[in-house]
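# Next input, structure requested:
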Amino acid sequence: MIITLTVNGTEHTLHVHAGELLRTALRRLRCYSVKHGDETGESGADAVLLTFTPDQPTSYRLLNAGTMLAAQADGASIVTAEGLVIGDLGLVTGGSASSAPIPNPQSPVTALQEQFVQCGAIQCGYCTPAQLLAAQKLLSENPDPTEAEVREAIAGVLCRCTGYLKPVQAILRTAALRRGETLDPLPVDIRDVPDVGEWPSPDPGSAPEDRSGDGVDTQTRTRTLPVTVASPKTQVVNKPEPKVDAVKLVKGRGVFADDVEMPGMLYGGLLTSPHAHARIRSIDKSKAAALPGVHAVLTHEDVERVVYASGGQSYPNPPPYDQVSLDHKVRHVGDRVAVVAAETPELVQQALELIEVEYEILPAVLNPEDAMIDGAPVIHDEADAVKIHDAARNIAVKIHVAHHDVEAALAASDFVYESEYRVHQVQQASIEPHIVVTYWDEDDRLVIRTSTQVPFHVRRMVAPLIGLPVRRIRVIKPRIGGGFGGKQEMLIEDLCAHLTLATGRPVKFEYSRAQEFTSARTRHPQILRFRSGIDKDGKLTGMDVKVLADTGAYGTHGLTVQMVTGFRALSTYWLPAARFDCDVVYTNKPVPGAFRGYGAPQALFGLEQHMEELALARGLDPIEFKRLNWIKVGQDLPMAEAMGEGREGFAQRVQSSGLAECVEEGARAIGWDRRFDPAWKVDPARPHIRRGMGMAVCMHGTGIAGLDMGAASIKLNDDGSFNLLVGATDLGTGSDTVLAQIAAETLGVPLEQVVIYSSDTDFTPFDTGAYASSTTYISGGAVMKAAEAVAQQIFAHAAKHLLPDADPERLWLEGSKVHAPDGRSVELSTVALHSTHQAEQHQIMATASHMSYVSPPPFAAQYAEVEVDTETGQVTAKKIVMAVDCGIAINPITASGQVEGGMIQALGYALSEEMVYDELGQLETTKFGDYRIYAADEVPEIGVILVQTYEPSGPYGAKAVAEIPMDGMAPAIASAIFDATGARIRQIPFTPERVWRAMGKNL
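Numbering: from 1, shown residues only. I've put the predicted structure just below:
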């Protein structure tokens, strides 16, 4: 049928087919800001403003284009993020504007878009266009909204990255600007603390730093501690530079994997198992293959059987190797059965429904305790699986690591305490589902455009599965709409590639939201048992940790996640003796894998409660007990060498720590003293409410010692700018910006003079990928080395040809010039042109790699304030504060944003998120309406303090920040619930029923 739409002021006549969604129609018009987040509209990523009366601007409604048929919008006027324009209303609307063209891509951003950029409100940017539309509608109707009104306005647009604080700030600041008010500097709470490191002294010829214009409220850079080390004397590093990709994201540009259309493109789809455990006795694809418009139907009978492990990890991939692209046996609901390529998504669905499969249903086992008993169903009985520890008992991996004699240490202790904890299965819930586009290029090489954290691993791993050499495969990583570890996997790239190989056509393959839950990856559930001893002075003498981990149907990441669990559990506090014993067990559930925190949130939930319980059992103050025992500067981490991460470990010693200051500053920010006031704990107006506070100590890692490697290449351009090529993967963390800042600082130029290109296996150097909190530290180290090498080339050429008699070793770069101590200087553009055109012509460029045998730990203190309803068990977080030692924050805005978003993810882990199954292994939480992640109007007050130390081994003193916010929230909430009610709950999530039942024994 033919419909008419006015989109961003331009009228379009469209041919649409029956069942075509409005979102699909708009994307055909290249309105790529309208995203697919789910099929029910609950993510809000598909939001548009729509009206049938465009002459009435207030008639625009925020609607979900993914739940509305295109035919239903016939005659409508629609505004997408591409249609935001400068003006009081800020929208292209009907009436006199109906003939206005789509804004020029070179046009400046609106005030709202600019505030999103400046406030750091954009991380991955996938939900940003919808947030902007919701905000624009609010501001057009309410010029002076309250914070609560802003949160309500954007509550229908879920964001998994930001924690909502910075988008709310951006909207409120925009409203203030429109009212003619002057904006205060952005608040970023940074504390500089004592450290064993020393910031390198600036060159004597360099000018002193002026902080007054850096856009940060310097009043919050309070130094409340007795001794401080000077803040970095820098021009770009440690400054709140806007993200280098921010403008294209606020403009809704087509920068994600899905934002591409190619001639002859087909759509891929996956048929999944309805059973938790079954053999495929027969499969008939004839009806599906005969459907007009269907170009391929592939089953296990059509694809070569090649065994692999899907985790995106370094070569050789950790075992077990227990997967194939398509198998004759299914091991969980949502497991792969067949794939289809057809001309439309609707045809794909029809074809999938026509595939006839006869299953032999097998007994299923849904928890690891039952899976290990004699007579349990054997999940992996195939003969070609490699390095499964004990397939007959469903044990994928066995880990046993000891440092000294734990039994002797516990026997000699004055007090021994034991406790057990249980953590559950949760999903990464990136708003962008997994999506891949594959096609043949003009040289008959396969191009894989994929939303991945590990492009180089994907290329290496997919090659044997599809029968192509690595040289004939190119992997491109565009912007990613959230990853959180779930995209540290070679997940559907092989299936999409098989379809392109079978058809010769480009194929776009995307998961549905339900498939994200059943067929992607999750966090490992665990049962953790702690046994610890202390001496008469309260010092730990030894700790024994036993873990039973559920790896679901396949063992991807099963070894390494649990190794991290053991390492975090046994290294946060200094232990003379330690032991870790772990069974990683198969069950017939969807597969766990990498998830932000990577085993540490599980470990810290048990460890921090265990330490608090141990202290209270001995009549000790929990914080002082932790302070006495936590790892300190100069102490070794013996389990680092004993364990490694699935391979050889290396000796580690803590060189920097601001943990003591984190604990002090976090306590001050949360108002910890109120915890001891009985009057505060009960609200007379609400006698059924109890208040409580809790805290937890956190320690994480910075990359994988001796394993992670990143590389960078930098070249000087004619105008004195630089091209920076990195294999590192920015998944919304701002790593492109941070790496460009490191290069700009080293080369003495403003950030805009560094043009960064990342994550293309043909054009960028190798990088292990975005995981293990490694990018700033490892890839940043490579960038710094490459920049220093380029600087030396610049000095050598300038001294020889442009600054006669200058000593190249005494030159420095600043303000886009080469400076000499005698006051002479030369523009970088002059050096560039001279070196390529006039004398000893050569390209000034360098490539460098970086790997580290140390992994300096970031530290943090997590605080939480809660209210507990004693009548229902409902726990409401009122305020959460995290003080984080991440070394020197290369970009304070992006660093604080990482902490804010991570805390809200972690809050969901503690309170609301849960994958629930029925007795047959069917997942009952397959949409956002059932699997509850926090919305903007549900989050508590958030506080973040960056406690700066200088880490000698990191680029410009940096350590990691991205994952540690996941680690301490659950134990802090548990501590707060105990403080409020006296109920000690050792299992998450803290659902109302679980809390209510626990309180029954204490109130």
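# Could you give me the buried positions within the longest strand that the chain contains?
Ranked by residue count, the top strand of the chain under DSSP state E comes out as strand 686-699. Neighbour counts using 16 or more other CB atoms under 10 Å place Ile689, Arg690, Arg691, Gly692, Met693, Gly694, Met695, Ala696, Val697, Cys698, Met699 of strand 686-699 among the buried residues. No exception for glycine: its C-beta is placed from N, CA and C like everyone else's.
# Same check on stretch 821-828?
For stretch 821-828, a neighbour-count test (16+ other CB under 10 Å) marks Arg824, Ser825, Val826, Leu828 as buried.
# pLDDT of it, averaged?
The pLDDT scores in stretch 821-828 average 97.
# Next secondary structure after the longest strand of the chain?
Reading on from strand 686-699 to the C-terminus, the next helix or strand found by DSSP states H and E is strand 709-716.
# Please save the CA atoms from that next one in CSV.
As requested, the backbone C-alpha atoms of strand 709-716 are provided in CSV (Å, rounded to 0.1, in the frame of the first residue of the first chain):
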residue,chain,number,x,y,z
MET,A,709,48.1,-6.3,24.7
GLY,A,710,47.1,-3.2,22.7
ALA,A,711,48.8,-1.3,19.9
ALA,A,712,48.5,2.1,18.4
SER,A,713,49.7,4.0,15.4
ILE,A,714,50.1,7.8,15.1
LYS,A,715,51.0,9.9,12.1
LEU,A,716,51.6,13.6,11.7
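# would you say Leu63 is within a strand?
Yes. Assessed with DSSP: H, G, I helix; E, B strand; the rest coil, Leu63 lies in a strand.
# Mind checking which of the buried residues of stretch 821-828 are in helices?
In helices, judged by DSSP state H, the following of the buried residues of stretch 821-828 are found: Leu828.
# can you put the buried residues of stretch 821-828 in JSON lines and add distance to Lys387?
Output for the buried residues of stretch 821-828, formatted as JSON lines (distance: CB to CB, whole Å):
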{"residue": "Arg824", "distance to Lys387": "64"}
{"residue": "Ser825", "distance to Lys387": "61"}
{"residue": "Val826", "distance to Lys387": "60"}
{"residue": "Leu828", "distance to Lys387": "53"}
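# Just the closest of the buried residues of stretch 821-828 to Met372, please.
The nearest member of those to Met372, counting by CB to CB, is Leu828 at 64.4 Å.
# That closest one contacts Asp718, doesn't it?
No. Using CB atoms under 8 Å, Leu828 is not in contact with Asp718, being 10.0 Å away.
# Neighbours of Ala47, how many?
Close neighbours of Ala47, defined as other CB atoms under 10 Å, add up to 31.
# And it, what's its pLDDT?
With respect to pLDDT, Ala47 has a value of 98.
# Listing request: residues of this structure with sub-threshold pLDDT.
86-107, 194-232, 646-647, 1001-1003 (pLDDT under 70).
# separation between the residue lying farthest from the centre of it and Ile399?
Distance from the C-alpha centroid of the chain peaks at Asp805, with 51.0 Å (CA atoms, centre = their mean). Counting by CB to CB, to the nearest Å, the gap from Asp805 to Ile399 is 63 Å.
# if we can go back for a sec, between the buried residues of strand 686-699, which is nearest Ala520?
Of all these, Ala520 sits closest to Cys698, with 26.7 Å by CB to CB.
# Who is that closest one paired with across the strands?
Ala860 (DSSP bridges).
# List the buried residues for stretch 866-874?
Residues of stretch 866-874 classed as buried by neighbour count (16+ other CB under 10 Å): Val866, Glu867, Val868, Asp869, Thr870, Gly873, Gln874.
# ok, those residues vs Gln235, which is closest?
Checking these against Gln235 by CB to CB gives Val866 as the nearest, at 42.9 Å.
# For the closest one, give me its contacts.
With contact set as CB atoms under 8 Å, 6 or more residues apart in numbering, Val866 has these partners: Arg691, Gly692, Met693, Gly694, Val875, Thr876, Ala877, Lys878, Ile973, Ala976, Ile977, Ala980.
# Please apply the same query to Ala463.
Ala463 makes contact with Pro469, Val470, Ile473, according to CB under 8 Å, 6+ apart.
# Over to Ala409?
By CB under 8 Å, 6+ apart, the residues touching Ala409 are Gly533, Thr541, Gly542, Pro576, Ala577.
# So which of those residues wins on neighbours?
With neighbours taken as other CB under 10 Å, the top of these is Gly542, carrying 26 neighbours.
# what phi and what psi does the backbone show at it?
phi -180, psi 160 (degrees, to the nearest 10).
# my read: it touches Pro576, true?
Yes. Using CB under 8 Å, Gly542 is in contact with Pro576, at 6.2 Å.
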